[in-house]
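Colleague: need a structure here:
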Amino acid sequence: MDYVLLAFYILVSLAGLVSLVFGLPGTFVILGASVLYGWYGGFSEITVRVIIILVVLALAGELIEFLLGILGSKKYESSNRAIVGSIIFGIIGAVMGAPFFFGIGAVIGAFAGAFAGAILMELSQGKKMDEAIKSGWGAFLGRVAGTISKGAVGIAMIAITVLAVLRN
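Modeller: The predicted structure is shown next:
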């Protein structure tokens, strides 16, 4: 076993996990790192079977995040425009917040951006402030639930890969 390669894999995969906060497809970063690790080892440790499981998990993680974001927003009667606004402003908030608090600002920025984006889009459509805030709250909750769920999937993907390597 090549411990330097395993350590590098873990670092790249952790970067993938962090990118989830920005609304980026970090599960695919983890998948890519796993495929490269498997390729390097001739797919002896990380087999094609493991790669297929990781592909399914990566796709499931993206779908779960997307659906939870929409469900959270729809539960609080957000418009489609507010949902799009929450996604766009969530990404903007994460990028703007990233330099603060050793990167933790990205998390705060992403959630605050989702909240503010939904509110702004609802207000731009003539909704009252209380309705807009309700919509923003739904977008915030959906974003939190989606990010946590996708993060759990990402952690599972890393664990599966590391266990496959350590088992051989």
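Colleague: what about stretch 158-168, average pLDDT?
Modeller: Stretch 158-168 shows a mean pLDDT of 93.
Colleague: just the buried positions in it, please.
Modeller: 158, 160-162, 164-165 (16 or more other C-beta atoms under 10 Å). Backbone N, C-alpha and C define where each C-beta goes, glycine included.
Colleague: redo the residues you listed as JSON lines? Include distance to residue 73 and secondary structure.
Modeller: Listed next are those as JSON lines, based on distance: C-beta to C-beta, whole Å; DSSP: H, G, I helix; E, B strand; the rest coil:
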{"residue": "158", "distance to residue 73": "29", "secondary structure": "helix"}
{"residue": "160", "distance to residue 73": "31", "secondary structure": "helix"}
{"residue": "161", "distance to residue 73": "33", "secondary structure": "helix"}
{"residue": "162", "distance to residue 73": "35", "secondary structure": "helix"}
{"residue": "164", "distance to residue 73": "37", "secondary structure": "helix"}
{"residue": "165", "distance to residue 73": "39", "secondary structure": "helix"}
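Colleague: now tabulate these in CSV and tack on distance to residue 14.
Modeller: CSV is the format used below for the buried residues of stretch 158-168 (distance: C-beta to C-beta, whole Å):
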residue, distance to residue 14
158, 8
160, 15
161, 12
162, 12
164, 18
165, 16
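Colleague: which residues touch residue 123?
Modeller: 129, 132 (C-beta atoms under 8 Å, 6 or more residues apart in numbering).
Colleague: now do the one helix or strand it maps to: distance to the chain's middle.
Modeller: According to DSSP states H and E, residue 123 maps onto helix 105-124. When C-alpha coordinates are averaged (C-alpha atoms, centre = their mean, to the nearest Å), helix 105-124 and its chain have centres 16 Å apart.
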